[in-house]
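A.B. asks: Coordinates for the following, if possible.
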Amino acid sequence: MGKLGKETKNLLLAITVICLISFLLAAGLSFLLAKDFQHEMLLHDYGVSGYQLNHEDKLQISAFSSLPNENDIECGREASSFIRSSMSRFLFSVT
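C.D. replies: Numbering: from 1, shown residues only. Presented below is the predicted three-dimensional model:
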């Protein structure tokens, strides 16, 4: 195995470089897709919680099937920040 020809070494080097570049591109692309997905899920969660707070008279399932407007998203964001701040105060009082 120690006596490989020059063409064989160049071919193995080229294959290694191609595999390394492909891996780096796949990792970068998956990172960008995951970041975008997390942002979209956060907006969806804000919209669902805001819709439930703004439309208490409607069915709960309609919060998942309807399109939330900006008011629903902002209401959900405010409710989420209130819950986070309340939980942090509660956790500090327990510890």
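A.B. asks: So which residue is smack in the middle of this structure?
C.D. replies: residue 38 (1.7 Å; C-alpha atoms, centre = their mean).
A.B. asks: May I have stretch 25-41 as PDB, with CA atoms only?
C.D. replies: Output of stretch 25-41 as PDB, limited to C-alpha atoms (Å, rounded to 0.1, in the frame of the first residue of the first chain):
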ATOM      1  CA  LEU A  25     -21.100  23.100   2.400                       C
ATOM      2  CA  ALA A  26     -23.700  20.600   3.800                       C
ATOM      3  CA  ALA A  27     -22.900  21.700   7.400                       C
ATOM      4  CA  GLY A  28     -23.200  25.400   6.500                       C
ATOM      5  CA  LEU A  29     -26.500  24.900   4.600                       C
ATOM      6  CA  SER A  30     -28.000  22.800   7.300                       C
ATOM      7  CA  PHE A  31     -27.100  25.500   9.900                       C
ATOM      8  CA  LEU A  32     -28.700  28.200   7.800                       C
ATOM      9  CA  LEU A  33     -31.900  26.100   7.300                       C
ATOM     10  CA  ALA A  34     -32.100  25.200  11.000                       C
ATOM     11  CA  LYS A  35     -31.700  28.900  12.000                       C
ATOM     12  CA  ASP A  36     -34.500  29.900   9.600                       C
ATOM     13  CA  PHE A  37     -36.700  27.100  10.700                       C
ATOM     14  CA  GLN A  38     -36.300  28.100  14.400                       C
ATOM     15  CA  HIS A  39     -37.300  31.700  13.500                       C
ATOM     16  CA  GLU A  40     -40.400  30.600  11.600                       C
ATOM     17  CA  MET A  41     -41.400  28.200  14.500                       C
END
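A.B. asks: Tell me which residues of stretch 63-73 come out buried.
C.D. replies: Neighbour-count burial for stretch 63-73, with 16 or more other C-beta atoms under 10 Å as criterion, is recorded at 63, 68, 72-73. C-beta here means a position set from N, CA and C on the backbone, and glycine is covered the same way.
A.B. asks: which strands and helices sit next to whatever helix or strand the residue nearest to the centre of the chain lives in?
C.D. replies: Using DSSP states H and E, residue 38 sits within helix 6-54. Using 3 or more C-beta pairs under 8 Å, 6 or more residues apart in numbering; DSSP states H and E, the elements in contact with helix 6-54 are helix 62-65, helix 70-94.
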